[in-house]
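Asks: A predicted structure for the sequence below; I have some questions about it.
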Amino acid sequence: MKVTALAAALVATVEAAVLWDGRFNDFSSAKDLNKWSWSSQVGPYQYYIHGSGAVDKYVNLSPDYKNPNDTVSKQGAKFTLDNTAFWNGQTMRRTELIPQTKAAIASGKVYYHFSIMRKDTNAPSVNREHQICFFESHFTELKYGWISGESGTSNPNLQWMTNQKSQWKTEWKPNVWHNVAYEIDFGGNKVGFWHSEGGEPLKQVVAPVSGVSTSSNGQDWHLGVLELPRSGYADTTEDFYFSGVFIESGTITTAIGGPA
């Protein structure tokens with residue numbers, strides 16, 4: 001009985017570390033995103049940054065879309081930028097979800113987890129800047145493709161940025177899952193970066209960077225992609241795959257997919 005009680009206590013402790021769960025496990029389809037509105041804020045996500053089409057033009061869910069090494073997530077998400085993916089009259093193409101929660105996801109030290117992958121089919125352009133999984137002030141984010149102001153015309157790297165400065169990069173090859181955690185110390189204004197590929201456990205690859213203004217109201221982390229327009233490069237359909245999305249506090253979970 002003592003062993004059982006101790007095990008239960010340990011499980012409860014681990015589960016309590018998850019502040020917000022965005023792993024799509026309770027979704028029957030992407031149409032469940034439509035249940036959320038400003039007047040009825042239900043579910044784990046705010047869904048309003050997208051084009052004018054039906055939800056399945058921009059977000060689709062399937063077990064085929066998740067990191068196969070993630071045994072906690074039932075399914076992953078495919079986010080699409082197509083020729084209709086313009087939000088609110090902007091010239092930028094956008095498909096993004098924002099956590100719907102009252103949890104303290106912008107306080108203390110927390111970890112923002114997700115995995116990301118691309119394919120050769122509908123590959124994101126190397127000639128355009130993609131801002132991925134960013135905060136409104138862009139104090140930390142991923143970027144992919146040619147970045148505004150760079151020399152040359154293309155960039156094949158997936159990069160982790162703080163305050164628009166690249167801290168880590170790797171060539172983004174197709175069919176490779178990149179597992180990511182932003183280590184954010186909101187009180188200390190520091191951000192670190194954890195990463196692995198495939199099913200390997202997360203490792204800290206960049207120690208916390210100081211002097212980052214970690215400004216957030218807890219409602220401005222964008223899961224998804226904002227693509228900047230660029231003259232001379234036509235819009236093409238682009239797909240981005242996400243898996244294992246959650247936010248936790250306490251000791252980081254390095255296993256892919258997070259705690260059950």
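Replies: That came through fine.

Asks: ok, which stretches of the stretch 151-260 of the chain are strands?
Replies: Along the stretch 151-260 of the chain, counting by DSSP state E, counting those that start in this stretch, strands occupy 157-162, 165-171, 178-185, 190-197, 203-209, 221-227, 238-249.

Asks: how distant is the first one from the center of its chain?
Replies: On the basis of C-alpha atoms, centre = their mean, to the nearest Å, strand 157-162 sits 13 Å off its chain's mean C-alpha point.

Asks: Would you list the strands that that strand pairs with, along with their directions?
Replies: Strand 157-162 pairs in its sheet with strand 140-144 (antiparallel), strand 165-171 (antiparallel), by DSSP bridges.

Asks: And the fourth one, by the same measure?
Replies: Partners of strand 190-197 in the sheet, by DSSP bridges, are strand 178-185 (antiparallel), strand 203-209 (antiparallel).

Asks: Which of these sits closest to residue 168?
Replies: Residue 168 lies closest, by C-beta to C-beta, to one member of these: strand 203-209, at 5.3 Å. Yep, even glycine has a C-beta here, placed from its N, CA and C like the rest.

Asks: sorry, back to before: specify the stretch among the strands of the stretch 151-260 of the chain that is closest to residue 23.
Replies: That would be strand 238-249 among the strands of the stretch 151-260 of the chain, by C-beta to C-beta, at 5.8 Å.

Asks: what sits against residue 87?
Replies: Residue 87 makes contacts with 49-51, 94, as judged by C-beta atoms under 8 Å, 6 or more residues apart in numbering.

Asks: So for residue 124, what's the nearest residue that isn't a sequence neighbour?
Replies: Using C-beta to C-beta, 6 or more residues apart in numbering and skipping the chain neighbours, the partner closest in space to residue 124 is residue 238 (4.5 Å).
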